[in-house]
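# structure for this input, please:
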Amino acid sequence: MRMEKQNSPARKAMAGFLAIGLLTAPFLNTFPGGALAADDIGIYVNGQLLETDTPPYLSEGRTLIPIRMVMQNLGAQVEWDGTSRTIKVMKTDGSSITLWADNRLVCYETAGVKTYDVCDVAPAITSGRTYVPLRLVGNALGLGVEWDGKTRRVAVDSSVTAAKSSFYDLQISTVAEGQTVSDSISLSVTGTLPAGAAQIKYLLLDPATGQGKMVARTTDLKGAATWVPALEEQGGRILAAAVCDAKGEFLAGAVRSVNVMMNPQVTLKGVAEGQTITGVTELSTGLNFTASGIVYEFINSADGTSSRTGQADPQGVYSYSPTVNANGSYALRAVALDGAGSEYYSPSVNITINVTPVPVTPTLSLKSFTAANVGIVPVTLSISRNFDVTTTQYWARNTATGQEIMLAEKPWGDYSWFPGPDMAGTWELYVIVKDTAGKSYTSNTRTATVPSVPGIILSGVGPKQVITGEVSVGSVANVPVTSVYYEISNAANGSSAVIGTAADTSTAVAWTPAAVNQGDRYLQAVATTADGQTIKSEKIQVKIYLGQLYSAQPITEKDNFINYVTPLALATQKENGMSAALQIAQAILETGWGQKVPVDKYTGLLSNNLFGVKGSGNAGSVTSTTSEEYYGTLYKIDAAFRAYQTVEDSWADHTSVLYKDRYAPYREVMYNSTWGAYALKRCGYATDSGYPGKLIKIIKDYGLDKLDIQTL
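Purely as a prediction, here's the structure:
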């Protein structure tokens, strides 16, 4: 991420700025005409007007000048490395200054000793030249430089000695220059914070490239952030603090040289030496480095065999729930994985697992159901229990006669009960189960009254279903029927028609709607019972649409999707520090590489929705489909998905969702793609337990991690 400059009143009050122009073509050493025009800016070296091929100019209050010749006239040499985009200015005494294009980091070297600073203007490539601030040149060469706004003169005087000074009155106060970092560390700054400061971003930069990743961030300007180093960051590094406004614009900075020498340490939390585990136990870890995942390993003390849990959140809690089959003695340890897959182990803790095979007090309960639905539609009878069973029997006892009927017998599971008039009356329902030892247990009772009239429901379709072609329509009755027909009706004009008939409810009918059927309609089953009664199901409202339908569309070519969304991710990263790699991985996962962006199924309107968010956006909604269930029938209904004017709006709205209160833990680590992926799951963004792993794999497989490499 490039943190762009912002004009500072304090900086404007200083002497102006000069820029070094590194020419990629031969130098023409003359001002046009050999004299200055009235509006030209003159460069004077030791009182002599310097002739250059391009006149200096003012930009945003700064004086910018191509000045390779200035350096050469003063005895300094300038080297440009196009591969690393590095500018190196060397004096005859062996001292030098190293700069990087589009990077505020500055390296001074004197007698082999390197020191670093943050410049307020990053060198920028313009028309084949690289421009840098004059004050930086003064710092490098120890020369006096002055700007006279009235005469529009820049004066460089080799007889005037200028002391090197920092650009900002800031320091990273919790880290000493050259400090060895071997553990997690608190970061804070002291000094004068500029007006508009809203956040501090800490970057760990490679001194060879001037680039690196964000390692901490805080919006508490007077508070501290915590840096937990990654093992791949070992060696000499530059720790930089960038003070930014709410939009991520750079305001001020400070740097420290550090030496990262990690001794990885993993601590197992949640259990103690000699502890006996009898049930669910919350395990977690303490780490002094950034891990990509945690697993917990159980080593059997009797035979030395081991087993591991699935990969867990390095910053979260893992709920370990042992079964009776795990009873025994173990050495338990946490295993941390780094970005390369290497493993690091906590000290082992000796534990005993002792899960009671059968609960001391078995509990069995028949769950509540909607009694008013009994005999009208099927109701689901279900139980809760805390022990294993081999047999489950559902029973009904008539409260008037005492008659008992076993409704169903199965090993375990729910029972769909749809009693007919033959059971008219009030019944007490209960369940009898047998455990694995053959012992019987009886549940509580629940009362229901069965009506004396028969009931029937539709099957194969459901409320608010959108029917777009042939469907199979059937019915379920609680009495035998001798015939059944299916009727479609139009509430607007009162018309109706039969769409199919069957001899009984065991046979469904296939129906293909005609054009005349389009619109909102009602479907109903009408049957004749064995005793000649006519019974009708409830009317199910459906929507019949036979026009053209549109499906999800690509927003761009699959191979181009990363390039397409990278500018959006980088802009968000600049503003708030959110990992660009993680943002893109989410968009890839939610839209199938941008190939399944929701559209309105009726109009084809593209939603520009890159994260599959339901509801209404700044362009309203598009209608897509989602699944529902009606008494065992799975079917599709219309659902509203957010629509946006642009994909940029979709990206911004996704960011705003992640700024809701529930995602506060995510925002604390969102600069780190791995920790952020786990935090999204922890905050409830997705119900899929494998969601973090899928994001992490996408980032690794497609090299998205490089997008999180930034400069000052």
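# so what's the backbone phi/psi at residue 569?
Backbone geometry at residue 569, expressed as degrees, to the nearest 10, gives phi -70, psi -40.
# tell me how many other residues crowd residue 355.
Residue 355: 14 surrounding residues under other C-beta atoms under 10 Å. Every residue, glycine included, has its C-beta placed from N, CA and C.
# ok, residue 449 next?
13.
# likewise residue 92?
9.
# kindly report the same for residue 406.
Residue 406: 10 neighbours (other C-beta under 10 Å).
# list the contacts of it.
393, 394, 395 (C-beta atoms under 8 Å, 6 or more residues apart in numbering).
# if we go to 6 Å?
Contacts for residue 406 (C-beta atoms under 6 Å, 6 or more residues apart in numbering) come out as 393, 395.
# check it and give its pLDDT.
For residue 406, the pLDDT comes out at 97.
# in the sheet, who's paired with it?
Counting by DSSP bridges, residue 406 is bridged to residue 395.
# now swap in residue 155 and tell me
residue 44, residue 146.
# what about it, how many neighbours?
Per other C-beta under 10 Å, the neighbour tally for residue 155 reads 18.
# how about residue 592?
Quick note: residue 592 (other C-beta under 10 Å) scores 14 neighbours.
# what does residue 202 give?
For residue 202, the neighbour count with other C-beta under 10 Å is 24.
# can you tell me the SS state at it?
Assigned with DSSP: H, G, I helix; E, B strand; the rest coil, residue 202 falls in the strand class.
# which non-adjacent residue is nearest it?
Spatial nearest neighbour of residue 202, chain neighbours left out: residue 216 (4.2 Å); criterion: C-beta to C-beta, 6 or more residues apart in numbering.
# which strand or helix spans the one you found?
For residue 216, the host element (DSSP states H and E) is strand 212-218.
# helix or strand right after that strand?
That would be, after strand 212-218 and using DSSP H and E, strand 225-227.
# partners of that following strand in the sheet?
Here, using DSSP bridges, strand 225-227 pairs with strand 185-187 (antiparallel).
# sorry, back to before: what is the strand holding residue 216 packed up against?
The helices and strands touching strand 212-218, judged by 3 or more C-beta pairs under 6 Å, 6 or more residues apart in numbering; DSSP states H and E, are strand 199-205, strand 225-227.
# right, so those: which one is the most enclosed?
Comparing the helices and strands packed on strand 212-218 by mean neighbour count (mean count of other C-beta atoms under 10 Å), strand 199-205 ranks first with a mean of 25.
# which one is residue 420 nearest to, not counting chain neighbours?
Per C-beta to C-beta, 6+ apart, closest to residue 420 is residue 478, 3.8 Å.
# where along the stretch 551-700 of the chain do the strands fall?
Secondary structure of the stretch 551-700 of the chain (DSSP state E, counting those that start in this stretch): strands located at 621-630, 633-642.
# for the first one, which outside residues touch it?
By C-beta under 6 Å, 6+ apart, the residues outside strand 621-630 that reach it are 462, 598-601, 605, 607, 636-641, 643.
# of those residues, which is the most crowded?
Result: residue 598 is most packed of the contacts of strand 621-630 (other C-beta under 10 Å), 29 neighbours.
# contact partners for it?
By C-beta under 6 Å, 6+ apart, the neighbours of residue 598 are 552, 607, 609, 622, 624, 641.
# cool, and residue 75?
With C-beta under 6 Å, 6+ apart, residue 75 has these contacts: residue 92.
# phi, psi of it?
Per degrees, to the nearest 10, the backbone of residue 75 is at phi 90, psi 10.
# again with the one 4 residues further on
As for residue 79, its main-chain torsions (degrees, to the nearest 10) stand at phi -120, psi 140.
# beta partners of it?
Bridge pairing for residue 79 - DSSP bridges - gives residue 88.
# I'd like the helices and strands packed on strand 212-218 laid out as CSV, including distance to residue 671 and mean pLDDT.
Formatted as CSV, the helices and strands packed on strand 212-218 follow (distance: least, C-beta to C-beta, whole Å; pLDDT from 0 to 100):
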stretch, distance to residue 671, mean pLDDT
strand 199-205, 8, 97
strand 225-227, 10, 95
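# just tell me which of these ends up closest to residue 534.
strand 199-205 (72.4 Å; C-beta to C-beta).
# for the closest one, name the packing helices and strands.
Strand 199-205 packs on strand 212-218, strand 235-244, going by 3+ C-beta pairs under 6 Å, 6+ apart.
# what is the mean pLDDT for the shortest one?
Confidence over strand 212-218, taken as the mean pLDDT, stands at 97.
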